[in-house]
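In: Take this sequence and fold it.
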Amino acid sequence: MSIKDKIDSVFRQIHMETIKIKQVRSRIRCPKDQKAALNVLGLTKLNRVKELPRTPAVMGNIHKVRHLIQEVVD
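Out: Numbering: from 1, shown residues only. Have a look, this model is predicted:
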């Protein structure tokens with residue numbers, strides 16, 4: 001079990017409010033800080049979907065790259 005899997009299972013156990021996001025625009029020609037924010041969010045390729053906890057840190061990174069992502073509604 002990888003570290004990422006362990007972290008995901010811990011978040012599911014806590015039952016935190018989550019947000020699903022999808023990368024819809026390319027990171028090419030973006031500043032380094034925006035590329036870093038996408039990496040932190042786990043979005044490394046187009047059309048990847050991630051479910052993340054709605055914490056201030058995550059929301060801050062989402063705000064930084066809001067023009068590259070969209071929220072996924074199920």
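
In: pLDDT below threshold where in the protein?
Out: Residue ranges of the chain with pLDDT under 70: 1, 11-16.

In: make it 90
Out: Low-confidence segments of the chain (pLDDT under 90): 1-18, 53-55, 74.

In: what about the strands in this structure?
Out: 18-23, 49-53, 69-71 (DSSP state E).

In: now the ones you listed as JSON lines including mean neighbour count and distance to Gly42?
Out: Where you see a C-beta, it was placed from the backbone N, CA and C, and this is true even at glycine. Below are those laid out as JSON lines (neighbours: other Cβ atoms under 10 Å; distance: least, Cβ to Cβ, whole Å):
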{"stretch": "strand 18-23", "mean neighbour count": "17", "distance to Gly42": "9"}
{"stretch": "strand 49-53", "mean neighbour count": "17", "distance to Gly42": "5"}
{"stretch": "strand 69-71", "mean neighbour count": "15", "distance to Gly42": "11"}
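
In: Same list (the ones you listed) but as a markdown table, adding distance to Pro31.
Out: Shown next, in a markdown table, are the strands of the chain (distance: least, Cβ to Cβ, whole Å):
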| stretch | distance to Pro31 |
| --- | --- |
| strand 18-23 | 16 |
| strand 49-53 | 21 |
| strand 69-71 | 15 |
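
In: Noted, bye for now.
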